[in-house]
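Participant: sequence and predicted structure below; questions after.
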Amino acid sequence: MRTQNCKLVLAAALALGVVVARLPAQQASNSPALEAASSPAADGSPLHETSSSGRGIGSPYVQLDSWIYPALQRLAALGYITSEFADMRPWPRIACALMVQEAGRALDDHSAASSTEAQRLYAALREEFQPELGELGRGRAEPAIRLESVYSILTGISGQPLNDSYHFGQTIINDYGRPYQEGFNSYNGFSAYAVDGPFTIYSQGEFQHSPSAPAYPLSVRQVIAGDDDNPLQPATPFAGKDQFRLLAAYAAVNLAGWNFSFGKQSLWWAPNYGGALLFSNNAEPIYMARASQVAPFELPWLFRLLGPTELDFFFGKLSGNQYPPRPLIHGEKISFKPTRNLELSFSRTAEFGGVGRPMTLGAIFHSYFSFESSVGYPASQNPGERNGGFDLSYRIPGIRNWMTVYGDLMSRDDPNPLDSPRRASWNPGLYLAWIPYVPRLDFRFEAVNTDPPSSPAHNGQFDYWEGFYHDLDTNKNNLIGDWIGREGTGFQAWSTYWFSPQNTIHFGYRHAKVDGAFIPGGETLNDGSVALNWRVHENVQFSAFVQYEKWLAPLLAAKPQTNWTSSVEISFWPKLWKP
């Protein structure tokens, strides 16, 4: 085990070192995003020249479920931010502060035509990032310790929920893999961080409780064994949970505009709101080494035409897998903005190693650079299962400040989905930043498909499954990819009414179907939800969530089943403390 860990650290350091060494020694200073960041702040105060890209200023990542992302993305959809890369999250707080500066300058430049909604969003975000805006002005981060949040979430589920993302789907999605079952569930936790110069230490932990549930009957376990090509499992009940679990625990350093972080972290690699095919927060965060950029840069020579560019890399390990145990995973992503309204991104992940396939330098090398099938490689050189990804986001001409279209694609065993689009899974979406005559209301729609039209029925053995990795792309038994799972199709729709940037009411609908070739009899799911988020005090927020779900899966129950999920959350954000 010690040798395996040493190899993991060596591989991560090698991969990150090679990438950084190949980049230009100095980020281009004439990038539009960097020029915007080096301009005076919206209040007229000049910024220190060295703070133009947030270099050397330590800051933690913003949690993926924060109100900050919808607010910044709505400002971008309204046309006041062009430097954001929505397909690479989470963002460091200092990067968010740079976007807030950009929005402030855009509002000043178009003060007469600026929308009231944009002004309200900007005011709330400027207040949230006041410490980071001050650091940009000084060009450094002062030593600070912050108990970021203390929260309590109480969730009750009446009726049988779905809680098996690898086979039957989930009643609760994109929730960091938190355990839940029918009955009373609770999550009580905190988040805190310390910053000093370029260094950051962050931790989020919580006490989790969920009830137990009976084991699957023999008929279900037999189907699962056949679909996964695994031995028949015993009738083991799902144990109740009473545990303390870290959702995030990492150390980070900002060097030359790169944020290097090491520890337990989450990722979201798609411009979509409801799911990400390659990596999302649907599962518990994984232990990884990550290198991401604080601000965009421009490539040299003719590649300058690609516009502002961002890169993201990680190397980590998956937990809870059985077939085989202890696999490794890495991913690389590059995004471009050839115009202020168009974003394009290419990505690749590889799951390799694990018991039966030793982690050697040859296996690591082939997992990064081989484009051939893994079938012909010996165990010690095997590159594992590799997935390609492509996503885009585009603000429609003529209605740029109203409509944005976007999409996320994934291909199995192909370098990129564009090489064989009919074999690819896809997840397109549409976002309306406001509704005519109701400017505080927005609307979003997304569809998803992991049952490619050109591929015959594979009994679930295509996306998110591989001949050696029978629980591919899972961590602690939950998919790290899209909630739709294997051989599924579905769609989601949401509409949010913004009383203010932090006070919203959110309506959602979700539909999903699973192919009968994978789950005998197929499966259909429909649910509708309402969520209220309300800042009752400067540092206190109340959230409530109600969802009604109806599902039909003849393998699990002969008749349609329904459940109600109700959740209440109280969150408290103490003030920043500087020693």
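Facilitator: Yep, it's here.
Participant: need the contact list for Trp132.
Facilitator: Just so we're on the same page, residue 132 is Glu rather than Trp. Counting by C-beta atoms under 8 Å, 6 or more residues apart in numbering, Glu132 makes contact with 57, 59, 93-94, 96-97. All C-beta atoms are positioned from the backbone trio N, CA, C, and that covers glycine.
Participant: from those, which is closest to Tyr464?
Facilitator: Cys96 (31.9 Å; C-beta to C-beta).
Participant: if I look at that closest one, how far off is Pro60?
Facilitator: 11 Å (C-beta to C-beta, to the nearest Å).
Participant: next: Phe238.
Facilitator: From Phe238 to Pro60 the distance is 34 Å (C-beta to C-beta).
Participant: what about these two, which has more around it?
Facilitator: Pro60 (26 against 16; other C-beta atoms under 10 Å).
Participant: could you find the closest non-adjacent residue to the residue nearest the centre of the chain?
Facilitator: Centroid-nearest residue in the chain: Trp268, 1.7 Å away (criterion: C-alpha atoms, centre = their mean). Closest residue to Trp268 apart from its sequence neighbours, by C-beta to C-beta, 6 or more residues apart in numbering: Arg89 at 4.2 Å.
Participant: pretty sure that neighbour contacts Gln265?
Facilitator: No - with contacts counted by C-beta atoms under 8 Å, Arg89 stays clear of Gln265, the gap being 11.2 Å.
Participant: what touches both of these two?
Facilitator: Counting by C-beta under 8 Å, 6+ apart, Arg89 and Gln265 have no contacts in common.
Participant: list the buried residues in stretch 462-470.
Facilitator: Across stretch 462-470, burial judged by 16 or more other C-beta atoms under 10 Å covers 462-466, 468-470.
Participant: again but with stretch 344-364, I slipped
Facilitator: Under 16+ other C-beta under 10 Å, the buried positions of stretch 344-364 are 344-354, 357-360, 363-364.
Participant: inside helices: which ones of the contacts of Glu132?
Facilitator: 93-94, 96-97 (DSSP state H).
Participant: and the residues you listed, which of them are buried?
Facilitator: Among the ones in helices among the contacts of Glu132, those classed as buried by neighbour count (16+ other C-beta under 10 Å) are 93-94, 96-97.
Participant: out of those residues, what pair is the most spread apart?
Facilitator: Greatest spacing in those, by C-beta to C-beta: Ile94 and Cys96 (7.3 Å).
Participant: following the host helix or strand of Phe445, which helix or strand comes up?
Facilitator: Using DSSP states H and E, the element containing Phe445 is strand 441-449. Reading on from strand 441-449 to the C-terminus, the next helix or strand found by DSSP H and E is strand 474-475.
Participant: may I see the buried residues of the helix or strand hosting Ser529?
Facilitator: Element membership for Ser529 (DSSP H and E) is strand 523-537. Using 16+ other C-beta under 10 Å as the test for burial, strand 523-537 gives 523, 525-527, 529, 531, 533, 535.
Participant: next: stretch 434-448.
Facilitator: Counting neighbours by 16+ other C-beta under 10 Å, stretch 434-448 gives 434, 441-448 as buried.
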